[in-house]
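Enquirer: Can you look at this prediction? I've put the sequence above it.
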Amino acid sequence: MVVRMRHTRAHTANRRSHHALEGARLSKCVKCEALHLRHQVCTACGTYRGKAVLKVTKTIAKTEKRAAAKSKTTK
Ligand SMILES: [Zn+2]
């Protein structure tokens, strides 16, 4: 069977030339000016549009404590 409506490879490639993905949209944090994903909390300082949402320092201290405890038990 012959495909009557078939496009050439060049035709398909021309159409797909606009299909490339763009990079993630980043915006500057209002508070610390670090780059973060749009509409998401700044992971550097834990704020969203200037308001504190996450307790970053607390979680960092917690993870460090856990890591220290883990390294002690493995030794
Ligand atoms: Zn920030």
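Expert: It's in. Numbers count the residues shown, from 1 in each chain.

Enquirer: how far is the helix or strand harbouring E64 from where the chain is centred?
Expert: Counting by DSSP states H and E, the element that carries E64 is helix 56-74. In terms of CA atoms, centre = their mean, to the nearest Å, the centre of helix 56-74 is found 24 Å from the chain centre.

Enquirer: Counting by contacts, list what that helix packs against.
Expert: Counting contacts by 3 or more CB pairs under 8 Å, 6 or more residues apart in numbering; DSSP states H and E, helix 56-74 packs against no other helix or strand. For the C-beta atoms, the positions are set from N, CA and C on the backbone; glycine is no exception.

Enquirer: wait, does it make contact with the ion?
Expert: No: under the criterion of CB under 5 Å from the ion, the ion is not reached by helix 56-74; the shortest gap measures 8.8 Å.

Enquirer: what are the ranges of the strands in this structure?
Expert: All strands of the chain, identified by DSSP state E, fall at 26-28, 35-37, 47-48, 51-52.

Enquirer: now for the ones you listed, which one comes closest to the ion?
Expert: Nearest of the strands of the chain to the ion, taken as CB to the ion: strand 47-48 at 5.4 Å.

Enquirer: Can you name the residues of the protein sitting close to the ion?
Expert: Checking the chain against the ion by CB under 5 Å from the ion, the hits are 29, 31-32, 34, 42, 44-45.

Enquirer: State the number of residues packed around C45.
Expert: The number of residues packed near C45 is 20, by other CB atoms under 10 Å.

Enquirer: Spit out the contact partners of A24.
Expert: L37 (CB atoms under 8 Å, 6 or more residues apart in numbering).

Enquirer: could you measure it against the ion, distance?
Expert: 17 Å (CB to the ion, to the nearest Å).

Enquirer: What values do phi and psi take at that residue?
Expert: phi -70, psi 140 (degrees, to the nearest 10).
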